[in-house]
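need a structure here:
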Amino acid sequence: MRALNLAFNETPRALPLAERLADLAVDALIDEADLSPKPALVDRRSSGAHKDLHLGLMHASALSLWPAFKEMAEVAIDIGEINQPLREAIGRIGREGEAAMMRTTGGVNTHRGAIWALGLLVTAAALDPADLSAAGLGLRAACLALIEDRQQPASNSHGAQVARQYGAMGAKEQAQMGFPAATQQALPQLLRSRKAGHGEQNARLDALLAIMTTLSDTCVLYRAGEQGLHAMQSGAQRVLSAGGSATLSGRRALHELDQQLLGLNASPGGAADLLAATLFIDCLEPALGNDARTV
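Purely as a prediction, here's the structure:
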């Protein structure tokens, strides 16, 4: 009986920091996928502008990335500083994570951009858990992204093709600048909408729209060119100018944006990746707080 009592009263083992960061990164991806109604993106309503994606696949893809995020955090903790070996280690782990994702999805690209963004942010958090501020995370992630990965194969991804064609700033440049779309646009909008009492789901939708107002989303450019990009940016601004997704006029404008982007087959996947990054940054302090500082 004493042993049974001890078992029930035993304090649960605290998870290592790397596992907690991987949990939070996967949670951010799932929360982004579940958020509804997102314009032309996979959500709880539909597959948006994607014929090869659905919500269950997005969940499975997110879960498949947990080992990669955990290993990135572990390597960051082991190396302990921003340098060439760390940059190339997380690059290798990211490519292995992408391969695991592709096996899970049957070759469908669900989260390639998110692996890059969240991988850098997980690494940045693990490097200095005493500073989980958006500014600190963005700076460390930028310093990492500015280091050349000498093992990285030449990229001919859709994003790289579009960046060359339109001279657009893609995922690489966003990271090298410290993810300004997340830290300077989405996070402030998220906090404003929460403060206004708009509710968490509407606040997150507003954060996504804030990203979409200025982002040169290479996913949209690839699918619908500059016409699609203009439609996304101006349509997102109309929703926010109408009061955001929590208002009747804003919700109508959001529906119109959804229909317009669907008609153009334009899916703002880059904005969705940056929303996941935003949700990850937003949850770090509340989820880890002082515990991370003692690891």
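
sec struct for residue 211, please.
helix (DSSP: H, G, I helix; E, B strand; the rest coil).

low-confidence ranges, the stretch 1-150 of the chain, go.
Regions of the stretch 1-150 of the chain meeting the criterion pLDDT under 70 cover residues 1-13.

let's go with 90 and repeat that
Applying pLDDT under 90 to the stretch 1-150 of the chain flags the ranges 1-14, 50-52, 150.

show me the helices in it, by range?
Secondary structure of the stretch 1-150 of the chain (DSSP state H, counting those that start in this stretch): helices located at 2-9, 17-34, 55-64, 66-79, 84-105, 112-127, 134-145.

most packed of those?
helix 112-127 (a mean of 26; mean count of other CB atoms under 10 Å). (Each C-beta comes from the backbone N, C-alpha and C, glycine too.)

what packs against it?
Packed against helix 112-127 by the contact rule (3 or more CB pairs under 8 Å, 6 or more residues apart in numbering; DSSP states H and E) you find helix 17-34, helix 66-79, helix 84-105, helix 134-145, helix 171-176, helix 269-293.

residue boundaries of the helices in the stretch 151-295 of the chain?
Using DSSP H, counting those that start in this stretch, helices in the stretch 151-295 of the chain cover 158-166, 171-176, 180, 187-195, 200-212, 218-241, 248-264, 269-293.

quickly, which of those bottoms out on average pLDDT?
Mean pLDDT is lowest for helix 158-166 among the helices of the stretch 151-295 of the chain, at a mean of 71.

identify the residues contacting that one?
By CB atoms under 8 Å, 6 or more residues apart in numbering, the surrounding residues in contact with helix 158-166 are 113, 168, 169, 170, 171, 216, 218, 219, 221, 222, 226, 270.

and the two most separated of the residues you listed?
113 and 226 (20.2 Å; CB to CB).

quick one, what contacts the spatially closest residue to residue 62 that is not a sequence neighbour?
Ranked by CB to CB, 6 or more residues apart in numbering and with sequence neighbours excluded, the top spatial neighbour of residue 62 is residue 29, at 3.7 Å. Residue 29 makes contact with 58, 61, 62, 65, 111, 114, 118, 276, according to CB under 8 Å, 6+ apart.

for those residues, which one is nearest residue 203?
For the contacts of residue 29, the nearest to residue 203 is residue 276 (15.2 Å; CB to CB).

hmm, residue 137 is touching residue 121, no?
Yes: because the distance of 5.8 Å satisfies CB atoms under 8 Å, residue 137 is recorded as touching residue 121.

farthest-separated two in the contacts of residue 29?
Greatest spatial distance among the contacts of residue 29 (CB to CB): 58 and 118, at 14.0 Å.

related to what we said a few turns ago, need the overlap of contacts for residue 137 and residue 121.
Joint contacts of residue 137 and residue 121 (CB under 8 Å, 6+ apart) are residue 281.
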